[in-house]
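In: Structure of the sequence below:
(one chain, ligands or ions: 3)
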Amino acid sequence: MTHLTGQTTARGAALLADPLLNKGTAFTRRERAELGLEGLLPPAVETLDEQVTRAHRAFLGYDKPLNRHIYLRQLQDTNEVLFYRLVTAHLEELLPIVYTPTVGEACRRFSEIYRRPRGLFLAWEDRDRFHEILHNRPHKGAVEVIVVTDGQRILGLGDQGVGGMGIPIGKLSLYTAIGGIHPARTLPILLDVGTDNEELLSDPRYLGRRERRLTGAEYDEMIEAFVSAVETELPGTLLQWEDFATAHARPILTRYRDRLLTFNDDIQGTAAVVLGALSTACRVSGTPLPEQRLVVLGAGSAAVGVADMIRAALVDEGLSDEAARRRFWFVDVDGLLIGARTGLSDEQRVYARADDEVAEWDGTGLAEVVRRVEPTALIGLSTASGAFTEEIVRQMASTCERPVVFPLSNPTSHSEADPADLARWTGGRALIATGSPFPPLKVDGREAPLAQANNVYIFPAMGLAVAAGGATRVTDRMLVAAARAVALRAADEAAGLPGPPPLLPAIGGMREAAREIALAAALAAVEDGVAPRATEAELRAAVATAQWTPDYPAP
Ligand SMILES: NC(=O)C1=CN([C@@H]2O[C@H](COP(=O)(O)OP(=O)(O)OC[C@H]3O[C@@H](n4cnc5c(N)ncnc54)[C@H](O)[C@@H]3O)[C@@H](O)[C@H]2O)C=CC1
Ligand SMILES: CC(=O)C(=O)O
Ligand SMILES: [Mg+2]
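Out: Ligands and ions are numbered 1, 2, ... in the order given. Purely as a prediction, here's the structure:
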């Protein structure tokens, strides 16, 4: 409880060394006298707001994003209340540093910039002792949310081995900053199953196991050992799978989603935010969802997850499943998904087009698909930087009045297009959302913020929903409800605003948005019978109470 209430028996240097109890220069004179801190701090006593101002200046003193990231991580490891107060006060400015794109660089250079430990590293050799090792977590007591990765598909950067730990740390920082999950109740976990990244294997500084990745039955055994340790030691914890390679992501989700409280953020979180942004785009363009023709670049777990949720929404709107499937054309590194393709997974095969459709085509690459299909929406989850070329986008814009173009791959260096180019090539007609942040566009002399269709709109709110409503499973309906709440909030914010309506809610208001999204998901959990009965008013109050605000406990 200590770390939740701030009540502690720690004194002196030990107190200052605990990031969840340390107030730094905000310890009052009386506290300094009572807690053995005299002489350990410079004399000035600051308020939290004064500390935030000072920390923000120090942050701005670093030019390079990675150095800013390192500064923030150090602040987090020194004084968490101050870190979270700073992040929440400057969310829009700090999000790209804590999260994509800079977190990608932090993962790539994890071993080089490593300073202090955070979270748990679980290695294959210890698979029989995961239960014990979970006891070594820094904060005892219940854990509300775990984010776990095995580092194999970190953003669009591929295998980063233990460097992938940057992602669970970054995502959980946002569970706290946006969702309000208390930092003592979060736990980042890296499953070290080795790496196939040659550069890392030959780097003497690499901090992970210098072994090739586990595969097959051993890999499955590792995952099972981990899940059963979580089930036994931390029952009721929300377990989020993050940045697993497609070969593992879906099978793990299928295996465990009905067994414990769990979801895959890349598959399900991404789907919800994209459905939210697409719903807004449909409203703005006047082309209803069932009339959209969707070309999706990339057929990995993220892309298929997105299509599955849009397909379910189409069926909800009255289309047959077959008709819904026919609204999609999937293009991957080998071209259009068609029946004749071998090696497609069952999930991909759902979207394979009939072979005779392409009989007369000049190949099945993206350019030809766009020329033939005349899509109204182009969604990129391919990791292929610049794949939405001028030729392709101009072609699309020649047959569609308001082309929906979502280059969603992260980090920025992997985006399928630069939004400023998309706006130029389409004469400002494109409805754009990106995965990583981009500067606002200039529209009619005004700055128009770009929608960042990133699962950050969803996962912190799911954590809050579960904390407030006590769900025991994450159901599809909870995610669809979250998607609807995102679209609703965007529409509310757009009302009365000059200029083009934003496709997603403003980043600066994400904490408030998270409450609305969480409420919608919590209500859906009750409807699905996976959470105790509660009225909307009760859940609204529970969500507000559950959302922690960073502040020092009264002296
Ligand atoms: N905006 C967001 O919230 C999210 C974005 N993403 C991004 O989506 C991307 C993909 O993630 P996953 O599906 O897990 O990855 P993945 O590696 O499993 O899938 C990539 C897919 O793209 C295809 N591809 C690769 N190069 C291509 C090319 N040059 N042309 C056409 N297709 C190509 C591959 O064949 C594969 O089907 C990543 O960059 C990730 O950062 C993922 C989750 C959330
Ligand atoms: C945003 C995210 O989860 C990804 O790019 O993998
Ligand atoms: Mg991810």
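In: going forward, measure contacts between C-alpha atoms and count neighbours the same way
Out: Noted.
In: who does the longest strand along the chain pair up with?
Out: Ranked by residue count and defined by DSSP state E, the top strand of the chain is strand 186-192. Strand 186-192 sits in its sheet next to strand 120-123 (parallel), strand 145-149 (parallel), going by DSSP bridges.
In: so what's residue 281 up against?
Out: Neighbouring residues of residue 281 by C-alpha atoms under 8 Å, 6 or more residues apart in numbering: 404, 431, 503.
In: Out of those, grab the one that's most surrounded.
Out: residue 503 (31 neighbours; other C-alpha atoms under 10 Å).
In: So it is in contact with residue 273, correct?
Out: No. Using C-alpha atoms under 8 Å, residue 503 makes no contact with residue 273, being 10.4 Å away.
In: so how many other residues sit close to the residue in the stretch 351-500 of the chain positioned nearest to ligand 2?
Out: Going by C-alpha to the nearest ligand atom, ligand 2 is nearest to residue 410 of the stretch 351-500 of the chain, at 4.8 Å. The number of residues packed near residue 410 is 26, by other C-alpha under 10 Å.
In: Ok, the one 5 residues further on next?
Out: Here the neighbour count serves as a burial measure; for residue 415 (other C-alpha under 10 Å) it reads 26.
In: Could you do residue 300 as well?
Out: When neighbours are counted by other C-alpha under 10 Å, residue 300 comes out with 22.
In: Now go through the contacts of residue 281 and say which are in strands.
Out: Among the contacts of residue 281, the members that lie in strands (by DSSP E) are 404, 431.
In: Same list (the contacts of residue 281) but as a markdown table, adding distance to ligand 3.
Out: Below are those laid out as a markdown table (distance: C-alpha to the ion, whole Å):
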| residue | distance to ligand 3 |
| --- | --- |
| 404 | 23 |
| 431 | 23 |
| 503 | 21 |
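In: between the contacts of residue 281, which is closest to ligand 1?
Out: Nearest member of the contacts of residue 281 to ligand 1, counting by C-alpha to the nearest ligand atom, is residue 503, at 13.9 Å.
In: contacting residues around the closest one?
Out: Counted by C-alpha under 8 Å, 6+ apart, residue 503 has contacts 277, 278, 280, 281, 431, 432, 433, 451, 487, 490.
In: Dig out what the residue nearest to the fifth one when sequence neighbours are not counted forms beta bridges with.
Out: Spelled out, that is residue 431. Leaving aside its chain neighbours, residue 431 sits nearest to residue 404 (4.7 Å; criterion: C-alpha to C-alpha, 6 or more residues apart in numbering). For residue 404, the beta-bridge partners under DSSP bridges are residue 377, residue 431.
In: Offset the numbering so it begins at 884, please.
Out: Done: numbering now begins at 884, and the last item shifts to residue 1287.
In: Neighbours of residue 1356, how many?
Out: 22.
In: What separation do you get for it and ligand 3?
Out: 20 Å (C-alpha to the ion, to the nearest Å).
In: show me the contacts for that residue.
Out: 1140, 1141, 1143, 1144, 1145, 1408, 1413.
In: Find the nearest non-adjacent residue to the fifth one, please.
Out: In this case it means residue 1145. Nearest one to residue 1145, counting by C-alpha to C-alpha, 6+ apart, is residue 1122 at 4.6 Å.
In: Quick one: check whichever strand or helix holds that neighbour for contact with ligand 2.
Out: Taking DSSP states H and E as the criterion, residue 1122 maps to strand 1121-1124. No. With C-alpha under 6 Å from any ligand atom as the criterion, ligand 2 is not reached by strand 1121-1124; the gap is at least 9.8 Å.
In: Output the contacting helices and strands for the following helix or strand past that strand.
Out: Using DSSP H and E, the helix or strand that follows strand 1121-1124 in sequence is helix 1129-1139. If you count contacts as 3 or more C-alpha pairs under 8 Å, 6 or more residues apart in numbering; DSSP states H and E, helix 1129-1139 packs onto strand 1145-1147, helix 1184-1199.
In: Nearest to ligand 1 among the ones you listed would be which one?
Out: Closest to ligand 1 of these, according to C-alpha to the nearest ligand atom: helix 1184-1199, at 3.8 Å.
In: which of the residues in the closest one are buried?
Out: 1184-1198 (16 or more other C-alpha atoms under 10 Å).
In: Kindly provide the distance from the residue in the chain positioned nearest to ligand 2 to residue 1006.
Out: Across the chain, the shortest distance to ligand 2 (C-alpha to the nearest ligand atom) belongs to residue 1038, at 4.1 Å. Computed as C-alpha to C-alpha, to the nearest Å, the residue 1038 to residue 1006 distance reads 22 Å.
In: When these two are compared, which one has more neighbours?
Out: Higher neighbour count among residue 1038 and residue 1006: residue 1038, with 26 against 17, using other C-alpha under 10 Å.
In: got the CA coordinates for stretch 1405-1419 in CSV?
Out: Taking Å, rounded to 0.1, in the frame of the first residue of the first chain, the C-alpha atoms of stretch 1405-1419 are listed here in CSV:
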residue,chain,number,x,y,z
ALA,A,1405,-17.2,-0.7,-19.2
LEU,A,1406,-20.9,-0.6,-20.2
ALA,A,1407,-20.2,-3.1,-23.0
ALA,A,1408,-18.5,-5.4,-20.5
VAL,A,1409,-21.6,-5.4,-18.3
GLU,A,1410,-23.8,-6.1,-21.4
ASP,A,1411,-21.6,-9.0,-22.3
GLY,A,1412,-21.9,-10.4,-18.8
VAL,A,1413,-18.1,-10.2,-18.1
ALA,A,1414,-18.4,-7.5,-15.5
PRO,A,1415,-20.6,-7.1,-12.4
ARG,A,1416,-23.9,-5.4,-13.0
ALA,A,1417,-23.7,-1.6,-12.7
THR,A,1418,-25.7,1.4,-14.0
GLU,A,1419,-24.2,4.0,-16.3
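In: show me the contacts for the closest residue to residue 1146 other than its chain neighbours.
Out: Leaving out its chain neighbours, the residue that sits closest to residue 1146 by C-alpha to C-alpha, 6+ apart is residue 1123, at 5.3 Å. Applying C-alpha under 8 Å, 6+ apart to residue 1123 gives the contacts 1028, 1029, 1030, 1031, 1145, 1146, 1147, 1148.
In: Now with 7 Å, please.
Out: 1029, 1030, 1031, 1145, 1146, 1147, 1148 (C-alpha atoms under 7 Å, 6 or more residues apart in numbering).
In: need those in CSV with pLDDT, can you?
Out: Below are the contacts of residue 1123 laid out as CSV (pLDDT from 0 to 100):
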residue, pLDDT
1029, 98
1030, 98
1031, 98
1145, 98
1146, 98
1147, 98
1148, 98
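In: related to what we said a few turns ago, who's the residue nearest to residue 1146 bridged to?
Out: Under the criterion used (DSSP bridges), residue 1123 bridges to residue 1030, residue 1146.
In: how much space between it and residue 1184?
Out: Using C-alpha to C-alpha, one gets 15 Å for the distance from residue 1123 to residue 1184.
In: Now stretch 1135-1145 - C-alpha only, CSV.
Out: Taking Å, rounded to 0.1, in the frame of the first residue of the first chain, the C-alpha atoms of stretch 1135-1145 are listed here in CSV:
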residue,chain,number,x,y,z
ILE,A,1135,-1.5,-16.3,-28.7
LEU,A,1136,-4.6,-14.2,-28.7
THR,A,1137,-6.8,-17.1,-29.8
ARG,A,1138,-5.3,-19.4,-27.2
TYR,A,1139,-5.7,-17.1,-24.2
ARG,A,1140,-8.5,-14.6,-24.8
ASP,A,1141,-11.2,-16.8,-23.3
ARG,A,1142,-8.9,-17.9,-20.5
LEU,A,1143,-8.0,-14.7,-18.8
LEU,A,1144,-8.3,-10.9,-19.0
THR,A,1145,-6.2,-10.2,-22.1
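In: what are the ranges of the helices in the stretch 1184-1333 of the chain?
Out: Assigned helices in the stretch 1184-1333 of the chain, in chain order: 1184-1199, 1204-1208, 1229-1232, 1249-1256, 1273-1282, 1302-1308 (criterion: DSSP state H, counting those that start in this stretch).
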